[in-house]
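Participant: Only the shape, not the letters, is given here:
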């Protein structure tokens, strides 16, 4: 072998090693980003049955609704009971179209109606992270939903009536921070799903988004997040809003309980300061001074 061939060989090895390192770094970066996407999406709250000491993201959390009780699926990397065998494209279709790899339609208890707004890269990163989650080889309970609401084909009609699968579109007249908040609230963090009333078929009342729900399926009163209706939240400042989302404490010193307590623990309490400011900005809380982001 000539000196030139040896040199070419070493160069090729060096380039391969460099490319491999870059790929690994990119994988690590994607997993790190995916972990944050999981946090802002509140996956732990719905997919970890802490009440019954269930394993991380192994599903089985009961979601009572007027149509019956749904149970969240196992989203660990287990190939039989979880989503380990899914391709990234199958995962994206499930998240944005509500369609399982076998072609069946998911019920809207799974908030794909909001996840449809998520950026493709966020979904790719989320799947990269979920691929690293320890596999749990456990099935989850079947949904306890009576006829006719248990007919999955009926979701085709439901989607025609209530499902808007258009991606998130930034408002060019608004700031970058406002648009980030709009993306979080309407997309991955799916705040609209709980803070909006539904019609008799379970479709969101889109004329009154974020106006609250007087009585949720779990019996809770879900407050309005509007600043124009005289609700308690309408009087919170920008700093109050951020502090409450971080710490779970209202300006009056009360702690947020029930489902919102779980949201603070598993979701908003893990968000960056910038994302919390973005949410507060989108919800109409003006920044009044340089101390915004910290409690007044």
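Facilitator: Received, thanks. Note that this is a predicted model, so its numbers are computed, not measured.
Participant: how about stretch 150-168: buried residues?
Facilitator: 155, 158-159, 162-163, 168 (16 or more other Cβ atoms under 10 Å). Glycine gets a C-beta too; all of them are placed from N, C-alpha and C.
Participant: low-confidence ranges in the stretch 151-296 of the chain?
Facilitator: 217-218, 287-296 (pLDDT under 70).
Participant: how about a cut-off of 80?
Facilitator: For the stretch 151-296 of the chain, the stretches with pLDDT under 80 are 215-220, 228-231, 257-259, 285-296.
Participant: can you check the stretch 1-150 of the chain too?
Facilitator: In the stretch 1-150 of the chain (pLDDT under 80), the answer is 1-26.
Participant: in it, which spans are helices?
Facilitator: Using DSSP state H, counting those that start in this stretch, the helices of the stretch 1-150 of the chain run over 3-41, 43-47, 88-97, 112-115, 120-130.
Participant: Tell me who's in contact with the residue found closest to residue 123 once you drop the neighbours it is linked to in the chain.
Facilitator: Leaving aside its sequence neighbours, residue 123 sits nearest to residue 92 (Cβ to Cβ, 6 or more residues apart in numbering; 5.0 Å). Residues near residue 92 by Cβ atoms under 8 Å, 6 or more residues apart in numbering: 120, 123-124, 127.
Participant: now do residue 42
Facilitator: Counted by Cβ under 8 Å, 6+ apart, residue 42 has contacts 189-190, 263, 266-267.
Participant: Tell me, domain by domain, which residues of the chain belong where.
Facilitator: Annotated domains of the chain cover 24-167, 176-296 [automatic domain parsing].
Participant: Three-state assignment for residue 276, please.
Facilitator: helix (DSSP: H, G, I helix; E, B strand; the rest coil).
Participant: just to revisit the earlier point, how close does the residue nearest to residue 123 get to residue 63?
Facilitator: Taking Cβ to Cβ, to the nearest Å as the measure, residue 92 and residue 63 are separated by 23 Å.
Participant: Residue 227 too?
Facilitator: Distance from residue 227 to residue 63, by Cβ to Cβ: 29 Å.
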